[in-house]
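Q: Here is a sequence together with a model predicted from it:
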Protein chains: 2
Amino acid sequence: MNQASGPEIERLIQLLAKLPGLGPRSARRAALHLLKKREQLMEPLAAAMGEAAAKIRSCSECGNLDVTDPCAICASGARDPKVICVVETVGDLWALERSSAFKGRYHVLGGVLSALDGVGPEQLNIATLIERANREETQEIILALNATVDGQTTAHYIADKLEGAGVEVTSLARGVPVGGELDYLDDGTLAAAFKSRRPA
Amino acid sequence: MNQASGPEIERLIQLLAKLPGLGPRSARRAALHLLKKREQLMEPLAAAMGEAAAKIRSCSECGNLDVTDPCAICASGARDPKVICVVETVGDLWALERSSAFKGRYHVLGGVLSALDGVGPEQLNIATLIERANREETQEIILALNATVDGQTTAHYIADKLEGAGVEVTSLARGVPVGGELDYLDDGTLAAAFKSRRPA
């Protein structure tokens, strides 16, 4: 407990310390920084948080976070509705959008199957994905899940579920990352890169 | 610019990224975490920030941050008014309070003299310190400034200014930190520890 600062500062520090990447020490530094930059940072941030907390909702169609439901991506006519890219989290969706490599729609599972954490299919947005897959317009479903054990287990599970839905199920390519040096790559990646080698 | 999320999330991320210890990437993670834990974290944090921004002021006596002016420490009868501990920042004040090694009052300079950053005596709370030093009750002034070049320059400057104020001016001891291993200590610390060695 911090004797010098009153309960207001103490509470602020405790809440800041709950943010990922901030510990008790850095939360104190952040609190001091906020108190120094009151007009420029603290008040705007408080307002932005309040506004976001009030306005942001998850899209009932794809699970993305936005102020509108359906979200801007699901509502956009410019996005191809025939292709659905399945991701674990909204963070992954943002990452793919930054790469601007994909112009279809998304589906956010909200996690992955995990026996350890007791996450079953019913905890994830899988039922809604099946429903979307069975729609007329849907032609391809890209499984863009992390290359982790849980991620791949989930991918296999979904691929099974989608059999007979009459959609093409694909997943992201494995290989040498751009700028990657062979010497620093794990054997699994190298093996995958060899298996799916292409004519130069 | 993050295409997927609306301007509200974008603004939240940009403001979070201004916190010390959070970069653009960790700010995104923090924003997602906040949006996931809306009731438990985001709304309370927004409220706590708003409240702090509205209530917290710096103490006109010592420069500490508190909801009251004078601050709890200056107002407390339990704190010895005869001894004033001079620190650079409120963070340093908090650190000393956590150690609970000091039961007197504080004086926060708000920085240190720095030719590089163009910080002169008039930017710091030095005049008010002189004024406090000349008061009847003040007997000792402890210069608890960082052991940096700027910190020590500032300490010397203040010590000069306080000559003739009829107060004892002291500074924190230099030496081997508790748990410190000689092998890992810099020469300056070792030299200081030797110079001020004491009977065991």
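A: Done, it's in. Numbers count the residues shown, from 1 in each chain, chains lettered A, B, ... in the order given.
Q: For residue A:175, give me phi and psi.
A: Taking degrees, to the nearest 10, you get phi 170, psi -170 for the backbone angles of residue A:175.
Q: Could you check how many residues crowd around the closest residue to residue A:166 other than its chain neighbours?
A: Spatial nearest neighbour of residue A:166, excluding adjacent residues (CB to CB, 6 or more residues apart in numbering or on different chains): residue A:134 at 7.8 Å. Every residue, glycine included, has its C-beta placed from N, CA and C. Neighbours of residue A:134 under the rule other CB atoms under 10 Å in any protein chain shown: 13.
Q: Same check on residue A:61?
A: Applying other CB under 10 Å, we find 17 residues neighbouring residue A:61.
Q: quick one: what helix or strand has residue A:131 in it?
A: Applying DSSP states H and E as the criterion places residue A:131 in helix A:126-133.
Q: what mean pLDDT does that helix have?
A: The average pLDDT within helix A:126-133 is 95.
Q: what about residue A:85, which SS state?
A: Three-state call for residue A:85 (DSSP: H, G, I helix; E, B strand; the rest coil): strand.
Q: which non-adjacent residue is nearest it?
A: Leaving aside its sequence neighbours, residue A:85 sits nearest to residue A:142 (CB to CB, 6+ apart; 4.6 Å).
Q: Quick one: residues contacting residue A:31.
A: The contact partners of residue A:31, by CB atoms under 8 Å, 6 or more residues apart in numbering or on different chains, come to A:9, A:12-13, A:16, B:52.
Q: ok so, going back, could you point out which element follows the strand or helix carrying the residue nearest to residue A:85?
A: Per DSSP H and E: residue A:142 is located in strand A:140-143. Beyond strand A:140-143 on the C-terminal side, the first helix or strand identified by DSSP H and E is helix A:149-162.
Q: Report the buried residues of that next one.
A: Of the residues in helix A:149-162, A:150-151, A:154-155, A:158, A:161-162 count as buried by neighbour count, 16 or more other CB atoms under 10 Å in any protein chain shown.
Q: Check stretch A:46-64 too.
A: Buried residues in stretch A:46-64 (16+ other CB under 10 Å): A:46-50, A:52-53, A:56, A:58-59, A:61-64.
Q: Leaving out chain neighbours, which residue sits closest to the most centrally placed residue in chain A?
A: In chain A, the residue lying closest to the centroid (CA atoms, centre = their mean) is residue A:89, at 2.4 Å. Spatial nearest neighbour of residue A:89, excluding adjacent residues (CB to CB, 6+ apart): residue A:108 at 6.6 Å.
Q: quick one: the one you found and residue A:63 touch, right?
A: Yes - using CB atoms under 8 Å, residue A:108 makes contact with residue A:63 at a distance of 3.4 Å.
Q: Could I get the contacting residues of residue A:167?
A: By CB under 8 Å, 6+ apart, the contact set of residue A:167 is A:133, A:138-141.
Q: let's go with 10 Å and repeat that
A: Residues in contact with residue A:167 (CB atoms under 10 Å, 6 or more residues apart in numbering or on different chains) are A:82-84, A:132-135, A:138-141.
Q: Could you work out the most separated pair of those?
A: Based on CB to CB, the longest span within the contacts of residue A:167 runs between A:83 and A:134 and measures 15.3 Å.
Q: between the contacts of residue A:167, which is closest to chain B?
A: Comparing the contacts of residue A:167 against chain B with CB to the nearest CB places residue A:84 closest, at 14.9 Å.
Q: that older thread, I'd like to know which of the contacts of residue A:31 is nearest to residue A:125.
A: Closest approach to residue A:125 among the contacts of residue A:31 (CB to CB): residue A:16, at 30.9 Å.
Q: thought the closest one was touching residue A:35?
A: No - when contacts are counted by CB atoms under 10 Å, residue A:16 is not listed as touching residue A:35 (11.5 Å).
Q: In which helix or strand does residue A:50 reside?
A: Per DSSP H and E: residue A:50 is located in helix A:43-55.
Q: Give me the contact list for the very next helix or strand once past that helix.
A: Next along the chain after helix A:43-55, taking DSSP H and E as the criterion, comes strand A:57-58. By CB under 10 Å, 6+ apart, the residues outside strand A:57-58 that reach it are A:64-69, A:71, A:90, A:108, A:110, A:125, B:35-36, B:38.
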